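**Q** Build the 3D model from these lines:
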Amino acid sequence: MAERNIKLLIEYKGTSFAGWQIQKEQSTVQGAISDAIFSVTGSRVTLTGAGRTDSGVHALGQVANFRIDHRLEPERYRDALNFYLPDDIRIRASEEVPTDFNARFSATFRRYRYLIAAEKSALYRDYRWELPDRLDSDKLRQAANIVLGEHDFTPFCVMASRQEDNRCTIYHSRWRAIGPLLVYEIRGNRFLHSMVRSLVGAMINIATIDRDNHPANLTLTSFTDIINVPSETRIPFTAPAHGLYLVAVGY
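**A** Here you go, the predicted model:
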């Protein structure tokens with residue numbers, strides 16, 4: 001049988017995992033799915049993900065692909081893998097794609113969402129940043145607009161993960177209130193390691209109203225300067241991982 005290229009659409013709760021990427025002696029999403037594929041097919045495959053989410057980050061629409069020579073019909077991988085996967089990982093769909101498809105390099109955009117709530121919850125605390133601080137919504141809006149376009153986001157990337165080219169193009173960046181939640185949506189062609197969490201942390205720092213308890217080290221002016229003329233200095237404000245979701249990947 002000819003080798004097939006199988007695409008997976010994946011949803012997971014990241015709380016119990018040390019991120020997407022396989023790590024020694026750590027529970028990871030990539031590792032769990034790779035083990036499930038082995039349980040179904042008896043083959044060890046290379047599983048490529050569209051985004052390497054950090055420990056604690058969730059996904060509604062992660063995409064991955066693998067190549068395999070196996071008789072199982074492509075659409076049946078969904079149910080077969082779900083049988084072996086833990087409850088906090090679900091394969092939402094599986095299909096065969098062209099041989100040149102690569103979940104990471106074929107992607108044209110990624111969309112992330114960050115959730116913030118002003119009150120604590122016993123049920124939802126693993127799914128959002130619970131932040132009681134009063135925030136200036138106008139400053140959040142202005143900060144989100146500054147991010148739009150193509151920029152070098154080196155200051156918002158973990159130093160060990162920086163590349164020769166750290167430029168990303170942001171197509172959409174917006175804060176909005178949805179019921180009791182403050183929601184940030186961002187869509188771009190690529191994202192650096194911890195970039196979204198660093199951007200959220202910086203914008204929240206700018207918009208915090210209570211200066212006595214939370215002194216602001218950033219202003220809209222300084223944030224603009226960092227975006228337009230980046231340096232090697234790492235931005236020290238990073239939002240918690242559990243409020244972040246990889247929502248969708250476009251092709």
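**Q** Report all helices and strands that whatever helix or strand R187 lives in contacts.
**A** Assessed by DSSP states H and E, R187 sits inside strand 181-188. Counting contacts by 3 or more Cβ pairs under 8 Å, 6 or more residues apart in numbering; DSSP states H and E, strand 181-188 is packed against strand 109-117, strand 167-178, helix 195-207. C-beta here means a position set from N, CA and C on the backbone, and glycine is covered the same way.
**Q** distance between the longest one and the chain's centre?
**A** This means helix 195-207. Distance of helix 195-207 from its chain centroid, counting by Cα atoms, centre = their mean, to the nearest Å, is 15 Å.
**Q** Could you tell me the angle between that helix and strand 181-188?
**A** Inter-element angle recorded for helix 195-207 and strand 181-188: 130 degrees (by axes from the mean of the first three to the mean of the last three Cα atoms, to 10 degrees).
**Q** Return helix 195-207 as CSV; C-alpha atoms alone will do.
**A** Extracted C-alpha coordinates of helix 195-207, given in CSV (Å, rounded to 0.1, in the frame of the first residue of the first chain):
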residue,chain,number,x,y,z
MET,A,195,5.1,35.7,22.0
VAL,A,196,1.3,35.9,22.6
ARG,A,197,1.7,35.5,26.4
SER,A,198,4.4,38.2,26.4
LEU,A,199,2.2,40.6,24.4
VAL,A,200,-0.7,40.0,26.7
GLY,A,201,1.4,40.6,29.8
ALA,A,202,2.8,43.8,28.3
MET,A,203,-0.6,45.2,27.4
ILE,A,204,-2.1,44.4,30.7
ASN,A,205,0.9,46.1,32.4
ILE,A,206,0.2,49.2,30.3
ALA,A,207,-3.5,49.2,31.0
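**Q** I'd like the mean pLDDT over that helix, please.
**A** Helix 195-207 comes out with an average pLDDT of 96.
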